[in-house]
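dropping the sequence and predicted coords here.
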Amino acid sequence: MAAGEEDHHFIPQLYLRPWLSKTDRKLVEYGRVPPTMEIRSRRWVTQKTSRVSNLYTLPGATEETKQNVERIFNQEVDTSAANVRDKLLRAEPLTDKEKYEWARFLLWLGMRNPTEIAKFKERMKRDFSKPDAKTEEIWRRLRKEGMPETAEEALRQTNPDMPELSAIIVSTRLAQNRKVLDTLVGMDWMVTDVKTANRRLLTCDRPLIMTSGLGGPNGHVAIPISPDKLFTIAKTRFNDALSMAAPHAVVAGTNKVIIAQARDKVYGVDHTYLEEVREGMSSGEYFSLAMEPTPLAHPPTTNPSPPGIA
């Protein structure tokens, strides 16, 4: 790795831990392999997957603070969430604080991948590069000889790193939006055990499933939290229906969405999903928070039915 670069994992290693084998501490990674880009599977370590160099580095910040999002914010979010996840796996009750920590993790997980971060940056660049008419009028009144002709030019010259810096800061603040977190915490939470199914749950580099908008009758957030447990936040009606579904149907429905949402990587405990991954990887959309003015209100629908419920 070049000097000044630092790997940032957008899928936390702590999240992937339940998929690791107890013998070799590896999972099965499905992904495209150059130069043919054929999808293959391999046993792999979490340290070397779903990572991007300097993804959350703060441009223009000091050497001491430029990695604060990765080293402080992500460390806090991921560590606290891993503790909550482990309690969910053990079916232990959560405190209010732990519910907010888990909700924050899920919200940030939906925004922290390279595609979403790039969208935030592009949005901020547009906002900074095109000041509104009122701003330009104020600049014309205040401008003195020798100063930039337009507010747009002045903004670029003041701090060229500001759009990217703002994008990263804004995204972390959105992950802590109290109104959105209150909505998630106030809904029905459930863990569905599917260990009696003949196959295991997959996860991927876009593992957060959200469909129909949270206000709809089937509105929900779902995420595999281990090879045999699915976590959902939904209205009681949705979770009641999900609890009645056959475990094999829940696994099949969830994995179909996980494979479709994956952009580059799918993760599992064995190699048995290779044909399904080859057929369905990246074939569907996943919801985007970066471009939505009101996150979680009306995300694009990728799977209108509850996982495992036809």
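Right, received. Where do you want to start? Numbers count the residues shown, from 1 in each chain.

wait, isn't T115 in contact with D264?
No. With contact defined as Cβ atoms under 8 Å, T115 does not reach D264; the gap is 10.2 Å. Quick note: C-beta positions are derived from backbone N, CA and C, even for glycine.

and P35, what element?
In this structure, P35 sits in neither a helix nor a strand according to DSSP states H and E.

repeat for the one 5 residues further on
With elements taken from DSSP H and E, the one containing R40 is strand 38-44.

residues of that strand that come out buried?
Neighbour counts over strand 38-44 (16 or more other Cβ atoms under 10 Å) mark I39, S41, W44 as buried.

what is it packed up against?
strand 27-33, helix 274-280 (3 or more Cβ pairs under 8 Å, 6 or more residues apart in numbering; DSSP states H and E).

residue ranges with poor pLDDT in this protein?
Within the chain, the set of residues satisfying pLDDT under 70 comprises 1-4, 212, 291-310.

which residue ranges form the helices in it?
Using DSSP state H, the helices of the chain run over residues 13-16, 68, 75-89, 96-109, 114-129, 133-142, 151-158, 162-174, 178-185, 236-244, 247-261, 274-280.

any idea of the angle the longest one forms with helix 151-158?
Between the axes of helix 114-129 and helix 151-158, defined by axes from the mean of the first three to the mean of the last three Cα atoms, to 10 degrees, the angle is 120 degrees.

winner for burial among the helices of the chain?
Among these, the stretch with the highest mean neighbour count (mean count of other Cβ atoms under 10 Å) is helix 247-261, at a mean of 21.

please save the CA atoms from that helix in CSV.
Provided in CSV are the C-alpha atoms of helix 247-261 (Å, rounded to 0.1, in the frame of the first residue of the first chain):
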residue,chain,number,x,y,z
PRO,A,247,-37.5,-21.6,7.3
HIS,A,248,-36.4,-22.9,3.9
ALA,A,249,-38.7,-20.3,2.2
VAL,A,250,-37.2,-17.5,4.3
VAL,A,251,-33.7,-18.6,3.4
ALA,A,252,-34.5,-18.8,-0.3
GLY,A,253,-36.3,-15.5,-0.4
THR,A,254,-33.7,-13.6,1.5
ASN,A,255,-30.8,-15.1,-0.4
LYS,A,256,-32.4,-14.2,-3.7
VAL,A,257,-32.5,-10.5,-2.7
ILE,A,258,-29.0,-10.6,-1.2
ILE,A,259,-27.6,-12.0,-4.4
ALA,A,260,-29.4,-9.5,-6.5
GLN,A,261,-28.3,-6.5,-4.4
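
what angle separates it from strand 27-33?
Comparing the axes of helix 247-261 and strand 27-33 via the same axes, to 10 degrees yields an angle of 40 degrees.

for helix 247-261, enumerate the helices and strands it packs against.
Counting by 3+ Cβ pairs under 8 Å, 6+ apart, helix 247-261 packs on strand 188-193, strand 203-204, strand 209-211, strand 220-226, helix 274-280.

do that again at 10 Å, thanks
Using 3 or more Cβ pairs under 10 Å, 6 or more residues apart in numbering; DSSP states H and E, the elements in contact with helix 247-261 are strand 188-193, strand 203-204, strand 209-211, strand 220-226, strand 229-234, helix 236-244, strand 265-268, helix 274-280.

thanks again, I'm all set now.
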